[in-house]
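**Q** Below: sequence and its predicted model.
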Protein chains: 2
Amino acid sequence: VRAAILAHDKFGPLTSKTGVCILRYSKDYQTVAVIDRSKAGKTADAFVGAIGKDVPIVGHLRDSLKFKPEVLIIGIAPMGGGLPQEWREELRLAIENKMQVISGLHYFLGDDPELGPLAAKHKVKIWDVRKPQRPNRIATMDGAKVNGLVVHTMGTDCNSGKMTTAVEIAREAQRRGIKAAFAATGQTGIMIGCEAGAPIDRIISDFVAGAAEELVLECDKKGSDLTVVEGQGSLDHFAYSGVTLGLMHGSYADFIVVCHQAGRQYLGEYARDEEPPQKILPLKWHIETIERLCEPVHPSKVAAISLATFTMTEAEAKKAIAHVEKETGLPVTDPVRFGPGKLLDACIAAAEKHKVNKPGVKRLRTSKAIAPR
Amino acid sequence: VRAAILAHDKFGPLTSKTGVCILRYSKDYQTVAVIDRSKAGKTADAFVGAIGKDVPIVGHLRDSLKFKPEVLIIGIAPMGGGLPQEWREELRLAIENKMQVISGLHYFLGDDPELGPLAAKHKVKIWDVRKPQRPNRIATMDGAKVNGLVVHTMGTDCNSGKMTTAVEIAREAQRRGIKAAFAATGQTGIMIGCEAGAPIDRIISDFVAGAAEELVLECDKKGSDLTVVEGQGSLDHFAYSGVTLGLMHGSYADFIVVCHQAGRQYLGEYARDEEPPQKILPLKWHIETIERLCEPVHPSKVAAISLATFTMTEAEAKKAIAHVEKETGLPVTDPVRFGPGKLLDACIAAAEKHKVNKPGVKRLRTSKAIAPR
């Protein structure tokens, strides 16, 4: 499916996460144009590296039409998830040109009094990815009893590699022949394709853990021997910590992979230019706090650290990884730069070491899943 | 306003929290009948002590009509907040008898295809207390800059006295002439009356901290020198921990009062009879975890423990309080049994000790707020 990605003023690895992940991971959508008025005339690789290829960047939706896009994907996430009114004209134009619209906004385009009827008139589908699709349910602790190993990615901030790390580990396991599942919890993960997905930050707070648990149960039903649940936010984030903790408890993970961007010092610094916001706490704080909070519900250990190093040279990245390995005593790598094998190995090794007694773990042991180190 | 309270099979201090709190705290609603088919013919005091007075218990809504109730309050909270279909007949009858209906269910009665139109036909108001009334907003950290001291009640489980403790502290402060506010975060708190209220567990998870912050800001606008924010759930609760943490961070509390029911050993044991669920962690774990998680957002200390002792004799209660004081080194009391003065004093003393530098604290100091000990 030919897709145009809307990312006005923000196309880049940290500021248009959805757009970049569509480019990197989507199996269903082939990006034929990026729409960013501040970068028109260049190609995507100039801003997001090799995965951007020579995809043209145009300044307005109308200029993307010549590439025959069938779908418009909103590739950026405005704070609070509202609809910037300035996008209206281009959304209208997309629908009038029979493009499907895929949006991860909190504001549902399908319910918009103008865009909803317009889409119906033109027989165009609007997919509001963040619209919950399942009935609300309270967590029951059944999720703790699944057959497969459950790994959960958590972060030191938003936008620190939790989704990327989860996808990378799950796909690496699948490449090794493991029945592995990626459980997506955010709009981007759902868009790129997953074994089970729910927009966790959109769920009514009472039902967050229950929704996470349902994803784990769904992957179990599909026979998953290794389910990787994407995390959200971070435990010390003033605005999103509740989403993080509810999701963590509802995942009943056996092991956690903590994701951090090397060199980032402040929460959300990638998106702000005003006063310095909250300082990111040391990895040690995150590891201790995660394990402390997992203990009463489903004891869990941090098995590895995923370090995003895309702002660094390769030599700097290796140095940063060695530094964090020394700091934490855990296996560390950048799964995008150096491959996710080390993180998957760390999870399987941790399951052995901590004698996780689940049928799925036995199958991991007897398969060729454990790569030679 | 004359009220009947629906509490089938569950009228009692732990199993019909809403009903009991209406009896104990409501300024607006005078309870004229309790509806509980398993206890018909007795009076409320037989099940909830003195606050129940001689309010008659009847077996069916129709038997309450002779007491001329103007309002039907749903006094129990089924797990998950759905509408038990067996209540339908009585709800219909209430509406047909021109009674207003007040419900804290997650399921909105006003949106019910039968009850909504029926209420419209009979010109009867349905108040779905859990329906969010404000636009969604992301937390901004503005709540950390209010003028007044902010105290937050947190618990070792659901139903452990968080709302009661918050109301008691706020009302005691008001009795002492302090401009104090009770910020309600649950349906019961909103029903009994509050300076600001929002159904936090019903808010979309991304906006929980923002909704809590808005309550604190609203109380600030009303001139509050002491805002007491009701907590929800507990940090180790497998189903509700996310609500707890989002609310905690969004409250930016200066001090926390931890609420625990003396003698309770398992989460939710008051409502279950199957397998033993999760064990309640020691108060020490709760205190350390709360302070650890507050630190990065708005550093806060636990100032006191509120101990619910209603299952005990007075001698046992005093012993339990002394035991917890020794265990935690903090001031402890049961605010319902022995009055909330000690808890309020502890918060004011903590503000002095930790030199909280807010204009409201200065006003507390110069008022007669500090009771003689």
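**A** All right, it came through fine. Keep in mind that this is a model prediction, so the values were computed, not measured.
**Q** and the residue most central in space within chain A, what does it touch?
**A** In chain A, the centroid-proximal residue (Cα atoms, centre = their mean) is A:M163; its distance is 2.4 Å. A:M163 makes contacts with A:17, A:21, A:153, A:184, A:186, A:188-189, A:230, as judged by Cβ atoms under 8 Å, 6 or more residues apart in numbering or on different chains. The way it works is simple: take the backbone N, C-alpha and C, and place the C-beta from them, glycine included.
**Q** Show me those that map onto helices.
**A** Among those, the ones falling in helices (DSSP state H) are A:17, A:21, A:188-189.
**Q** Let me have those residues in TSV, adding pLDDT and distance to A:V302 as columns.
**A** Output for the ones in helices among the contacts of A:M163, formatted as TSV (pLDDT from 0 to 100; distance: Cβ to Cβ, whole Å):
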residue	pLDDT	distance to A:V302
A:K17	91	23
A:C21	95	24
A:T188	95	24
A:G189	96	21
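**Q** Redo these as TSV? Include neighbour count and distance to chain B.
**A** TSV is the format used below for the ones in helices among the contacts of A:M163 (neighbours: other Cβ atoms under 10 Å in any protein chain shown; distance: Cβ to the nearest Cβ, whole Å):
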residue	neighbour count	distance to chain B
A:K17	24	15
A:C21	21	19
A:T188	25	15
A:G189	29	16
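**Q** Would you mind listing what in the stretch 51-200 of chain A touches chain B?
**A** Contact residues (Cβ under 8 Å from any Cβ of the partner chain) of the stretch 51-200 of chain A with chain B: A:79-81, A:106, A:136-141, A:200.
**Q** Of these, which is the most crowded?
**A** Highest neighbour count within those: A:I200, with 32 neighbours (other Cβ atoms under 10 Å in any protein chain shown).
**Q** Give me the pLDDT value at that one.
**A** pLDDT, A:I200: 97.
**Q** What of the one 3 residues further on?
**A** According to the prediction, A:I203 has pLDDT 97.
**Q** Please look at it and A:P132 and confirm they touch.
**A** Yes: contact criterion Cβ atoms under 8 Å: A:I203 and A:P132 qualify, at 5.8 Å.
**Q** quick one: contacts for the closest residue to A:G242 other than its chain neighbours?
**A** Spatial nearest neighbour of A:G242, excluding adjacent residues (Cβ to Cβ, 6 or more residues apart in numbering or on different chains): B:G246 at 2.2 Å. B:G246 sits next to A:205, A:240-243, A:245, B:200, B:205, B:208-209, B:212 when contact means Cβ under 8 Å, 6+ apart.
**Q** Those in helices, which ones?
**A** Residues of these located in helices (DSSP H): A:241-243, A:245, B:208-209, B:212.
**Q** measure the residue sitting furthest away from the middle of chain A to chain B for me?
**A** In chain A, counting by Cα atoms, centre = their mean, A:K121 sits farthest out from the average C-alpha position, at 33.5 Å. The gap separating A:K121 from chain B is 28 Å, by Cβ to the nearest Cβ, to the nearest Å.
**Q** just A:I102 next, same as before
**A** Distance of A:I102 to chain B, given as Cβ to the nearest Cβ: 19 Å.
**Q** Who wins on neighbours among the contacts of B:G246?
**A** Neighbour max across the contacts of B:G246 (other Cβ under 10 Å) = B:V208, 37 neighbours.
**Q** Can you read off the pLDDT for it?
**A** B:V208 carries a pLDDT value of 98.
**Q** Skip the chain neighbours and tell me the closest residue to it.
**A** B:G246 (3.4 Å).
**Q** How about A:E325?
**A** Once flanking residues are discounted, A:E325 sits nearest to A:V332: 4.7 Å by Cβ to Cβ, 6+ apart.
**Q** got it, and A:Q187?
**A** Using Cβ to Cβ, 6+ apart and skipping residues adjacent in sequence, the residue nearest A:Q187 is A:G104, 2.8 Å away.
**Q** Measure how buried that neighbour is and give me the count.
**A** 25.
**Q** In three-state terms, how would the residue nearest to the centre of chain A be classified?
**A** Following DSSP: H, G, I helix; E, B strand; the rest coil, the label given to A:M163 is helix.
**Q** Could you report the pLDDT at it?
**A** For A:M163, the model assigns a pLDDT of 97.
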